[in-house]
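**Q** quick one, structure for this:
(chains A and B)
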Number of protein chains: 2
Amino acid sequence: MKTPSAAALVASLPFIRGGSVAPPHPERLTVENLNPSVVAAAYAVRGPVLDRALELVKQLEEAPGSLPFDEVVQCNIGNPQSLGQVPLTFHREVLALTLHPGLLAEPDDAAQGATGLFESDVLARASAYTNSVPSMGAYTHSQGITHIRKEVASFIAERDGVPAASVDPEALFLTNGASEGVRMVMQTLLRRGPGFKDGVLVPIPQYPLYSATCTLLDGALVPYYLDESSGWGLDVEELKAQLATARAEGVTVRGLVVINPGNPTGQTLTEANMAEIVQWCASEGLVLLADEVYQENIWNRDRPFVSFRKVAVDLGMSAKAGEEVENGGAPHLELVSFHSVSKGFLGECGLRGGYFELFGIDEEVKAQLYKLASISLCSNTAGQVMTGLMVNPPKEGSPSHGRYETEKQAILSSLERRARKVAATLDGLPGIHCRPSDGALYAFPKIDLPDAYVKHAKAQGAQADGLYCLELLEQTGVVVVPGSGFGQAEGTWHFRTTFLPPEEKIDGVLARIAAFHTAFMGKWSQEAPAGEEL
Amino acid sequence: MKTPSAAALVASLPFIRGGSVAPPHPERLTVENLNPSVVAAAYAVRGPVLDRALELVKQLEEAPGSLPFDEVVQCNIGNPQSLGQVPLTFHREVLALTLHPGLLAEPDDAAQGATGLFESDVLARASAYTNSVPSMGAYTHSQGITHIRKEVASFIAERDGVPAASVDPEALFLTNGASEGVRMVMQTLLRRGPGFKDGVLVPIPQYPLYSATCTLLDGALVPYYLDESSGWGLDVEELKAQLATARAEGVTVRGLVVINPGNPTGQTLTEANMAEIVQWCASEGLVLLADEVYQENIWNRDRPFVSFRKVAVDLGMSAKAGEEVENGGAPHLELVSFHSVSKGFLGECGLRGGYFELFGIDEEVKAQLYKLASISLCSNTAGQVMTGLMVNPPKEGSPSHGRYETEKQAILSSLERRARKVAATLDGLPGIHCRPSDGALYAFPKIDLPDAYVKHAKAQGAQADGLYCLELLEQTGVVVVPGSGFGQAEGTWHFRTTFLPPEEKIDGVLARIAAFHTAFMGKWSQEAPAGEEL
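**A** Down below sits the predicted model:
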């Protein structure tokens, strides 16, 4: 408790002092007296390296030629359209028509409206959306437009090969990107205050949304380490050990976060591994938070994407909470799956669309999430429409199908080529080990930073990988994120880079990284104590 | 702390028990073991009355004619386009072009593109937006697109009559509606945990976003009562008294929320009153949270909208934190002002656009808000574009200006007529007192519920106003929000209704309310004890 203010003392002692002292010196808002959980939260993807990058962008604008590079290339974030990826035509046509009803107004008169410019399936889809709501400018149901939730439900059923009726649109929440859904679910799970020490199991390395959200909610981040030597494998024995440790420390672990395909690590899980995880969560009473936003970004064809939902259904678990109990007490999984329009081949980050699905979650718990959604009223309608378009693209035989498939395959095959090229090039550099990504949009190479450099960084109060990334930026203009932003095993160093620069630029970007890194290793390897083997 | 689980006991006593007991019975997620702050939060605008309304909508769809009305009319929420308000043409044209770059692709060939369908200022504005970012599908700066923040800064300068250079685009954050901004700022202000008991002064009646957000953040809601007898006046003596009481109770009050024009109360503040509030906040070290989302909804011409920012500037205060101190210690105001595309005459609720501006706030505090924004990456681009359009409409002399002005005036004058009609009609009913709204989108009539009814409701465990609103819904299909959802002086009863039903329907809606209410009063007044004067 803070020292009572002068005014409070006055108020509590009115008969002694009366009411006429000067007001207390007001306490200005400073970083020292803010919510310490906000101050403590860290989000490396947009951290100090990006801040410096933005300064360099300005410097280049104001004084072209003043830096050793012409362009800052943001490989720090999975933001495809910032690096030139073109949005899908069908999707944007429908979105535009949906938001400007006037263009749909004269369907029979192309000279008056714009309908003659669009294929019939574009017009039909736009009408389906605009007819499903009073207006795209109205607040929607707080879980999102019902028509679009039905499209998502059909998509899930088709993807997983389950009966359409088994996926309930009422279990879906459309959100401003997946991030908002993660925040809502974690806020609901994590209790605070005296008597509570709740936590969530989070992979290390992890996408820092999870650590930041834990910190903001005063929850305990219970780490489990992915095993780099087995391709960032997820070992259930490691989960068991970390859960036991956390429980021994008095932490009530409420959930397990799994990112599949992995971010930043790019691995995809085998179905057998997922089945183990599902059964373990069910037996331990942990809510499984399945971050599946990279489900369309699969590069290793031996590891196709399988949803946790499908694995649970294949194990006989039910989407409807309580059904297992009625059926005789089989293990019960509580699962929340997240998806987003920002990744895959849409890359529609700016529109902030996504959804989560509740599976095996109690109806009253759902009601609380609905209330939480209602306090923010609803997610944005452009993002909702894009979510519908993502899960329900033009069907085979429809006029826009051919163009859609061409655009989709061009993006995916280009991403795949770049994924392989980035991993192979980095892996060929001295002191860098980079496995090919099974999926997602990132490479996460391990860098054997020379001891002398680690000491040099430490002497400056810096993390060695953070300093490395800053130096890489200063010399090449390439923005990547240090491994310390995601967490990494003690004594190892990494960075995360996307492979999103366009094909005509990726060779140049890789050449700049290679030149920097080779010179760097040449310099710092020589700084080692004489006679020491490197 | 919860009882340690069996697994935790095993882990802590490995030498006694080994590791082979059955796993503890998993604790299913239930409403009893969720974050109690989530469970405790209430948001009446979308509460039980709306839940029942949505059931009735379904019933009408499935069995038309089965209810005493043909249509459910949602007067519970300021959602103009859900009740037929048409979006502004210029705004939606630009938005559509911005989101579908293909339509802008062939500016010289109307047969190929759609450019011939649009006025030149529409095309120019769309190009200005698309040229300001790599793509509307890319994450933007976490504070929002710089170009649009510059438009907002110009708008503020022009609105308040201050030099353009005195409004800094870097002090602006574009958000998913105003609600997200309120959440971010309150999360930053309110500390939690041992040693902290932070709170915020909130008006009663209030918009329940504030109480819900306080509850979610474990902050103390410090109420101050608006004075109904003086037209919901805001008396600084009341603020002082409530602050002193809160401080005496050990609460560190961090800020003051003022909603102007008022929601649900519809009053607008005088400039003199605002000056008092500003000086008081400055002297007490309270951050002023100015909810100014209804600034374009002004019905009482004697009370034009004046921003708190302008009042502060007129009092010699500076937007730049610390400048006053340099200038000799004049009182310093810390202000956050909120605005939204959802209200005014745009009513673009579904797009989720808005902004907040920091005024007199420390740069390091701003950096923390920036970090918080970055964890959610950015607000949605459609909402950002609509925010730009809201603050920078077609200029006089431009091709779209005439149509814009016509549409704007039609909406505003119709809203004004409806505002007067609703207040006058309700005020004329027995036992209802309803003052004309100075501003905003609501009437907040006081209902003198008969004692017998209050007792009847209490016997059912219900709030009398809540039950009244449910009965009104069941008999008329009109959805309003009970006063208890906003807070009201003990022993008084109110409801909030928007005046958003379209003009051709508003007489019917009012007639249904009048018929219900007259019959209601007839019935319950007779229930009073014989001989008692009513």
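**Q** low-confidence ranges in the stretch 101-250 of chain A?
**A** For the stretch 101-250 of chain A, applying pLDDT under 70 flags the ranges A:105-115.
**Q** where exactly do the strands run in it?
**A** For the stretch 101-250 of chain A, the strands defined by DSSP state E, counting those that start in this stretch cover A:172-175, A:198-204, A:220-225.
**Q** give me the contact list for the shortest one.
**A** Counting by CB atoms under 8 Å, 6 or more residues apart in numbering or on different chains, the neighbours of strand A:172-175 from elsewhere in the structure are A:140, A:143-145, A:148-149, A:152-153, A:181, A:184, A:353-358, A:369-370, A:373, A:378-379, A:383-384, A:387. (C-beta placed from N, C-alpha, C; glycine too.)
**Q** do that again at 6 Å, thanks
**A** With CB atoms under 6 Å, 6 or more residues apart in numbering or on different chains as the contact definition, strand A:172-175 has outside contacts at A:143, A:144, A:149, A:152, A:181, A:354, A:355, A:356, A:357, A:379, A:384, A:387.
**Q** could you do stretch A:247-264 as well?
**A** By CB under 6 Å, 6+ apart, stretch A:247-264 touches A:189, A:197-202, A:205, A:207, A:210, A:220, A:222, A:232, A:243, A:246, A:268-269, A:281, A:286-291, A:294, A:439-440, A:442, A:444, A:486, A:496, B:2, B:5, B:7-8, B:11-12.
**Q** before we move on, back to that, pipe the strands of the stretch 101-250 of chain A into TSV and attach mean neighbour count per row.
**A** Shown next, in TSV, are these (neighbours: other CB atoms under 10 Å in any protein chain shown):
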stretch	mean neighbour count
strand A:172-175	28
strand A:198-204	24
strand A:220-225	20
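**Q** distance to residue B:396 added to those, as CSV?
**A** Shown next, in CSV, are the strands of the stretch 101-250 of chain A (distance: least, CB to CB, whole Å):
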stretch, distance to residue B:396
strand A:172-175, 40
strand A:198-204, 56
strand A:220-225, 56
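**Q** quick one, which of these is nearest to residue B:462?
**A** In terms of CB to CB, the element of the strands of the stretch 101-250 of chain A nearest to residue B:462 is strand A:172-175, at 29.6 Å.
**Q** the closest one: partners in the sheet, and parallel or antiparallel?
**A** strand A:354-359 (antiparallel) (DSSP bridges).
**Q** what does the partner strand rub up against?
**A** A:152, A:171-175, A:177-178, A:181, A:309, A:319, A:335-340, A:366, A:387.
**Q** likewise for stretch A:297-313?
**A** Contacts for stretch A:297-313 (CB under 6 Å, 6+ apart): A:160, A:162, A:268, A:271, A:274-275, A:278, A:290, A:295, A:333, A:335, A:337, A:359, A:416, A:419, A:437-441.
**Q** please apply the same query to stretch A:72-86.
**A** Stretch A:72-86 is contacted by residues A:45, A:50, A:53, A:56-57, A:347, A:349, A:441, A:477-481, A:497-498, A:500-502, A:509, B:134-135, B:137-139 when judged by CB under 6 Å, 6+ apart.
**Q** list the buried ones in that stretch?
**A** Under the neighbour-count criterion of 16 or more other CB atoms under 10 Å in any protein chain shown, stretch A:72-86 has A:72-83, A:85-86 buried.
**Q** just stretch A:443-453 next, same as before
**A** Here stretch A:443-453 shows A:443, A:444, A:445, A:446, A:447, A:449, A:450, A:451, A:452, A:453 as buried, counting by 16+ other CB under 10 Å.
**Q** let's see the pLDDT reported for the second one.
**A** It stands for residue A:444. Here the pLDDT value assigned to residue A:444 is 97.
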